[in-house]
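J.: With the input below, show me the fold.
(one chain, ligands or ions: 1)
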Amino acid sequence: MVRPSSPARIVLGITGGIAAYKAAELTRLFVKAGITVDVVMTAAATHFVTPTTYQALSGRAVLTDLWESGSRNAMGHIDISRGADAIVVAPASADFLAKLANGHADDLLSTLCLARECPLLAAPAMNRQMWANAATQRNVARLRADGVAILGPDTGELACNEHGEGRMLEAGDLFAAVVAACQPKVLNGRRVLLTAGPTFEAIDPVRGITNSSSGKMGFALAQAVAEAGASVLVVAGRTSAPTPWGVTRVDVTSARQMADAVMARVDECDIFIAVAAVADYTPTSVHEQKVKKSDAALTVTLEPTIDILATVASRPKPPYCVGFAAESQDVERLGEEKRKRKKLPLLVANRAQDALGSDENEVTLLDDAGATRLPRMGKLALARVLVGEIARRLPGT
Ligand code: CTP
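T.: Here you go, the predicted model:
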């Protein structure tokens with residue numbers, strides 16, 4: 001099994017701002033996840049929270065001074081960021097963003113940001129006018145263009161008793177964003193088309209046939225694909241699953257609409273992943289008006305829908321096609337039959353009872369080499385594993 005990587009060591013930079021207290025919680029989350037955290041504070045940050053707090057939480061010395069880093073070769077600013085998976089500056093003040101944007105290196109944190117080899121992420125935190133100021137916006141645009149990931153800010157209550165944009169993201173959101181940014185870019189430059197969620201086949205204006213797919217697995221996979229460096233377009237049925245950062249979404253309702261949306265875009269993708277629970281049948285006709293109740297039995301005549309995945313996989317030059325199969329019994333045998341029938345290089349099979357509506361899933365991978373069972377895990381963790389498995393099977397890799 002290809003394991004998704006979790007960062008091993010993070011440099012957490014703290015600059016002057018009241019949101020420095022949230023960095024204490026972020027430190028705790030990193031440590032709890034087994035990640036080593038080296039905290040580096042600017043002089044201004046020490047006015048808000050003392051280094052002792054982060055030292056106690058990280059279990060490591062907190063660094064504040066460019067000239068006192070304790071390094072053997074007096075090159076502490078290089079040493080600290082060497083081997084780190086990322087530098088995360090949270091909170092990042094308006095002043096520190098300005099420094100970063102202009103390449104200043106007049107204290108330990110700005111120096112090691114400039115001397116880094118790893119990704120840099122910054123979580124702005126400031127008053128709403130400071131955030132909206134043209135100078136800050138110019139600096140943020142410059143930093144984004146330079147490849148710095150800007151996380152947030154959020155909108156809400158600010159420390160200055162005002163309401164607006166400028167609040168630092170919560171520690172849990174920052175933690176997830178940092179782990180996401182540290183995923184290996186195994187699908188760099190690939191274009192992925194993905195279906196997710198259930199379809200809804202109308203009977204009349206208020207009724208229809210659907211299924212209990214939540215769309216969670218599809219969107220977890222879309223997120224993992226985006227984290228791995230690919231562009232992702234999700235054709236989504238009716239689902240309340242939020243659209244992950246970096247993912248483009250087209251909403252559809254019926255199997256016919258999903259098929260049309262996929263066929264219109266399939267030429268522009270290298271990989272097609274069908275996670276949607278597409279209705280296999282749809283009413284032959286839709287009642288224009290609401291069907292009225294009567295004592296007589298009601299018959300709805302259904303006709304088969306187009307099999308989107310099989311249609312894509314049987315094209316003369318198909319993208320790399322991955323199918324999902326939810327079976328209620330005999331998962332591996334029925335899954336393998338389905339894989340052969342649909343001509344798929346890879347099929348992800350699971351027991352329907354294990355996945356529907358749940359936040360976890362337990363799957364078996366079926367390909368020409370046979371069956372590989374993966375342990376039960378959360379859907380995002382599983383999605384990251386699946387991305388690694390797909391990447392290593394791609395032709396030419
Ligand atoms: N699929 C599709 N279009 C359909 C039906 C299914 O693209 N009309 C895709 C699903 O997204 C999934 C795979 O085919 O990736 C298998 O779906 P599943 O419902 O398990 O299989 P079916 O072909 O519908 O067969 P059955 O319902 O009889 O198990």
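J.: Was I right to think residue 344 contacts residue 322?
T.: Yes. Contact criterion Cβ atoms under 8 Å: residue 344 and residue 322 qualify, at 7.0 Å. Placement of C-beta: from N, CA and C, glycine included.
J.: how about the residue most central in space within the chain, what does it touch?
T.: For the chain, residue 223 is the residue whose C-alpha lies nearest the centre (Cα atoms, centre = their mean; 3.1 Å). For residue 223, the contact set (Cβ atoms under 8 Å, 6 or more residues apart in numbering) comprises 180, 244-247, 380, 383.
J.: hmm, try it at 10 Å
T.: Residues near residue 223 by Cβ atoms under 10 Å, 6 or more residues apart in numbering: 176, 180, 183, 232, 234, 242-247, 379-380, 383-384, 387.
J.: Give me the three-state assignment for it.
T.: Three-state assignment for residue 223 (DSSP: H, G, I helix; E, B strand; the rest coil): helix.
J.: min pLDDT across the contacts of residue 223, which one?
T.: Across the set of these, residue 245 stands lowest in pLDDT, at 78.
J.: would it count as being in a strand?
T.: No. The assignment for residue 245 by three-state DSSP gives coil, which leaves it out of any strand.
J.: Distance check, it against residue 269.
T.: From residue 245 across to residue 269, the span is 20 Å (Cβ to Cβ, to the nearest Å).
J.: Between those two, point out the one with more neighbours.
T.: residue 269 (21 against 13; other Cβ atoms under 10 Å).
J.: just to confirm, which helix or strand has the nearest residue to that one once chain neighbours are set aside in it?
T.: Distances taken as Cβ to Cβ, 6 or more residues apart in numbering put residue 193 closest to residue 269, at 3.9 Å, once the chain neighbours are dropped. Per DSSP states H and E: residue 193 is located in strand 191-196.
J.: hang on, residue 93 packs against residue 19?
T.: Yes. The criterion here is Cβ atoms under 10 Å, and residue 93 meets it with residue 19 at 9.1 Å.
J.: what's the longest helix belonging to the chain packed up against?
T.: Assignment by DSSP state H gives helix 379-393 as the longest helix of the chain. Here helix 379-393 touches helix 171-181, helix 216-227, strand 271-274, strand 320-327, strand 346-351, strand 360-361, strand 363-367, strand 377-378, going by 3 or more Cβ pairs under 10 Å, 6 or more residues apart in numbering; DSSP states H and E.
J.: could you redo the last one with a cut-off of 6 Å?
T.: Applying 3 or more Cβ pairs under 6 Å, 6 or more residues apart in numbering; DSSP states H and E, one finds that helix 379-393 contacts helix 216-227.
J.: now the next helix or strand after the helix it packs on, how far from the chain's geometric center?
T.: Scanning forward in sequence from helix 216-227 by DSSP H and E, the next helix or strand is strand 231-236. Strand 231-236 has its C-alpha centroid displaced from the chain centroid by 13 Å (Cα atoms, centre = their mean, to the nearest Å).
J.: got the angle for the next helix or strand after strand 231-236 vs strand 191-196?
T.: Toward the C-terminal end, the helix or strand that comes next after strand 231-236 (DSSP H and E) is strand 247-251. Strand 247-251 runs at 50 degrees relative to strand 191-196, counting by axes from the mean of the first three to the mean of the last three Cα atoms, to 10 degrees.
J.: ok, residues contacting whichever helix or strand comes after strand 247-251?
T.: From strand 247-251 onward toward the C-terminus, using DSSP H and E, the following helix or strand is helix 255-263. Outside helix 255-263, the residues that touch it by Cβ atoms under 6 Å, 6 or more residues apart in numbering are 199, 235, 250, 252, 278-279, 282, 305-306, 308.
J.: same thing but 7 Å
T.: Residues outside helix 255-263 that contact it (Cβ atoms under 7 Å, 6 or more residues apart in numbering): 193, 195, 199, 201, 235, 237, 250, 252, 276, 278-279, 282, 305-306, 308, 312.
J.: likewise stretch 158-166?
T.: The contact list for stretch 158-166 (Cβ under 7 Å, 6+ apart) reads 18, 125-128, 130-131, 153, 155-157, 167.
J.: In CSV, list those residues along with pLDDT and neighbour count.
T.: Listed next are the contacts of stretch 158-166 as CSV, based on pLDDT from 0 to 100; neighbours: other Cβ atoms under 10 Å:
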residue, pLDDT, neighbour count
18, 95, 15
125, 97, 29
126, 96, 28
127, 94, 18
128, 95, 17
130, 96, 17
131, 97, 22
153, 96, 23
155, 91, 13
156, 88, 11
157, 86, 11
167, 96, 24
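J.: so which of those are also by the ligand?
T.: Under the cut-off given by Cβ under 6 Å from any ligand atom, the ligand has nothing from these close to it.
J.: And those residues, which is closest to the ligand?
T.: Minimum distance to the ligand across the contacts of stretch 158-166 is 36.6 Å, recorded for residue 155 (Cβ to the nearest ligand atom).
J.: secondary structure element for that closest one?
T.: strand 154-157.
J.: same check, this time on residue 52
T.: helix 51-58.
J.: can you list the residues of this protein near the ligand?
T.: Near the ligand, when you scan the chain using Cβ under 6 Å from any ligand atom, you find 195, 255, 274, 276, 278, 280, 305, 307-309, 323-326, 338.
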